[in-house]
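Peer 1: model the following, please.
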Amino acid sequence: MKDIKWIFVFFSISAVLAMCGIGVAVGRSSILGAIISIIALILIMGYGFKTKKKMREQGTL
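Peer 2: Alright, predicted model coming up:
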């Protein structure tokens, strides 16, 4: 079994929860909730990609 990078597991679960938040907000007709969830998703995914690039450059990935 390969070494699991738990930080990426955390990022992926957080991104999925943000996507679910978008669905819940749309279902409840909450524009503010949808906007907050979209912003959270962008921030989580952006930070995840930034972390992956940093780890790749350091050779720890």
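Peer 1: going forward, measure contacts and count neighbours with C-alpha atoms only.
Peer 2: Noted.
Peer 1: need the contact list for residue 37.
Peer 2: Taking Cα atoms under 8 Å, 6 or more residues apart in numbering as the criterion, residue 37 is in contact with 18-19, 21-22.
Peer 1: for the chain, give me the ranges with low pLDDT.
Peer 2: The chain contains residues with pLDDT under 70 at 1.
Peer 1: so where do the helices sit in the chain?
Peer 2: 6-27, 31-58 (DSSP state H).
Peer 1: now do the first one against helix 31-58, angle only.
Peer 2: Right, the one you point to is helix 6-27. Relative orientation of helix 6-27 and helix 31-58, computed by axes from the mean of the first three to the mean of the last three Cα atoms, to 10 degrees: 160 degrees.
Peer 1: can we start the residue count at 841 from this point?
Peer 2: Understood, numbering begins at 841; the last thing we discussed is helix 846-867.
Peer 1: any idea how far helix 846-867 is from the chain center?
Peer 2: In this view, helix 846-867 has its centroid 6 Å away from the chain centroid, taken as Cα atoms, centre = their mean, to the nearest Å.
Peer 1: please name every helix or strand in contact with it.
Peer 2: Helices and strands touching helix 846-867, by 3 or more Cα pairs under 8 Å, 6 or more residues apart in numbering; DSSP states H and E, are helix 871-898.
Peer 1: for the helix it packs on, buried residues please.
Peer 2: Buried positions in helix 871-898, judged by neighbour count with 16 or more other Cα atoms under 10 Å: 873-874, 877-878, 880-881, 884, 888, 892.
Peer 1: need the residues that contact stretch 861-868.
Peer 2: So stretch 861-868 is contacted by 871-875, 877-878 (Cα under 8 Å, 6+ apart).
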